[in-house]
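Visitor: give me coordinates for this.
(one chain, ligands or ions: 1)
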Amino acid sequence: MKLNIINAKNIVTKSNLPDADYVINPYVGCQHGCIYCYAEFMKRFTGHTEDWGKFVDVKINATEVLGDIEKYRGKSILISSVTDGYHPIEGKYKLTRKILEALIPAQPKIEILTKARMVTRDIDILQKFDDATVGVSIATLDGGLSRELEPLAASPHLRIDTIRKCKEAGLKTYVFLSPIFPYITEIEEIIKQSKDHIDFFMFENLNLRPLNIKKVYDFIEKNRPELLEKYKQIYNKKDNSYWDSLKAKIQKLCSDCGKEARIYFHHGGFN
Ligand code: SF4
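Guide: Below you'll find the model as predicted:
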């Protein structure tokens, strides 16, 4: 993996995501290297030619460029959107931890989204915020498929265990079923296994874009060739009926277990 130590001009950016005012990405690139990742577009802006997952820029001056933290009081900050604040290199540089520590006095609402169990290292810091939420995203419970999809992320079962530990530590928690792979993501089983450890669920459909479409279709062809035609029906012919009926099913499953369902289907379109 290519590692670069860089000085960032700023570290906090305004968010256009539905649940966050600001986003902090302590790293450029992400070691998890998920094949469906939407963040690969970052390479266009940063000049990286390496494959996604094979480079990381460490924003070594992250806490110095936080600026006046008081402006984040009462605001929500997501860590992270185009990297994972707890991918393996965080164990060495601890940027996410240092950023969180620096933000404590301003008490913004913190939202962590990760696929790593390292977030439990920072439970002590997260407990110092009045409002801190930890989410893990899960695309499948199948360990073999997950290793192909998300090579360096924690196994799906470890992610559920991670969220359990965060919940037991008094943090707010959620599971983000994302991206939902049609006919593969075990929605009912993920809900069943995680419902006792979370406050709410989030759901997002798999979006196919120029950067991930070949990798996703190669993955389907290799692992679930019988689904190829169904994927083409959904994506190439833009048949939304699959998502419409899935949405109704999800709402029922969540209401049956008394959990809020935040569903972000069609967000960003299908291509
Ligand atoms: S963990 Fe998130 S940011 Fe990192 S590669 Fe996977 S989808 Fe992309």
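Visitor: name the element T96 belongs to?
Guide: helix 95-103 (DSSP states H and E).
Visitor: mind listing what's buried along that helix?
Guide: Within helix 95-103, the residues scored as buried using 16 or more other CB atoms under 10 Å are L95, T96, R97, I99, L100, L103. All C-beta spots, glycine's among them, are computed from the backbone N, C-alpha and C.
Visitor: likewise stretch 120-134?
Guide: Buried residues in stretch 120-134, counting neighbours by 16+ other CB under 10 Å, are found at T120, D122, I123, I125, L126, F129, A132, T133, V134.
Visitor: just stretch 236-254 next, same as before
Guide: Y242, W243, L246, K247, I250, L253, C254.
Visitor: which element is the closest residue to the ligand within the stretch 51-200 of the chain on?
Guide: At 4.0 Å from the ligand, D84 is the closest residue in the stretch 51-200 of the chain, using CB to the nearest ligand atom. Under the criterion DSSP H and E, no helix or strand holds D84.
Visitor: looking at it, it is touching P26, isn't it?
Guide: No: counting by CB atoms under 8 Å, D84 sits too far from P26 to count as a contact (9.7 Å).
Visitor: ok, the two, which is more surrounded?
Guide: D84 (32 against 28; other CB atoms under 10 Å).
Visitor: among the buried residues of stretch 120-134, which lie within helices?
Guide: I123, I125, L126 (DSSP state H).
Visitor: that older thread, now the angle from whichever helix or strand comes after the helix holding T96 to helix 95-103?
Guide: Using DSSP H and E, the helix or strand that directly follows helix 95-103 along the chain is strand 109-114. Relative orientation of strand 109-114 with respect to helix 95-103: 170 degrees, computed using axes from the mean of the first three to the mean of the last three CA atoms, to 10 degrees.
Visitor: hmm, back to that, give the contact list for the residue of the stretch 51-200 of the chain closest to the ligand.
Guide: By CB atoms under 8 Å, 6 or more residues apart in numbering, D84 lies in contact with C30, Q31, H32, T114, K115, A116, A153.
Visitor: confidence score at the fourth one?
Guide: The confidence metric pLDDT takes the value 98 at T114.
Visitor: ok, it - how many residues close by?
Guide: T114 has 26 neighbouring residues, counting by other CB under 10 Å.
Visitor: again with the second one
Guide: Residues contacting Q31 under the criterion other CB under 10 Å number 21.
Visitor: show me what contacts the nearest residue to it once chain neighbours are set aside?
Guide: The shortest distance from Q31 to any non-neighbouring residue, by CB to CB, 6 or more residues apart in numbering, is to H87 (4.2 Å). Contact analysis of H87 by CB under 8 Å, 6+ apart lists Y27, C30, Q31, H32, V56, A116, L152.
Visitor: so what does H87 look like in phi/psi?
Guide: phi -70, psi 170 (degrees, to the nearest 10).
Visitor: can I get stretch 140-155 in CSV, CA atoms only?
Guide: Below are the C-alpha coordinates for stretch 140-155, written out as CSV (Å, rounded to 0.1, in the frame of the first residue of the first chain):
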residue,chain,number,x,y,z
THR,A,140,-24.0,-9.3,3.7
LEU,A,141,-23.6,-11.6,6.6
ASP,A,142,-21.8,-14.1,4.4
GLY,A,143,-18.1,-13.9,5.5
GLY,A,144,-16.8,-15.2,2.2
LEU,A,145,-18.7,-12.8,0.1
SER,A,146,-17.8,-10.0,2.5
ARG,A,147,-14.1,-10.7,2.2
GLU,A,148,-14.5,-10.3,-1.6
LEU,A,149,-16.6,-7.2,-1.3
GLU,A,150,-14.8,-5.5,1.6
PRO,A,151,-11.4,-7.1,1.8
LEU,A,152,-9.9,-5.4,4.9
ALA,A,153,-13.1,-4.6,6.8
ALA,A,154,-14.1,-6.5,9.9
SER,A,155,-16.3,-9.6,9.3
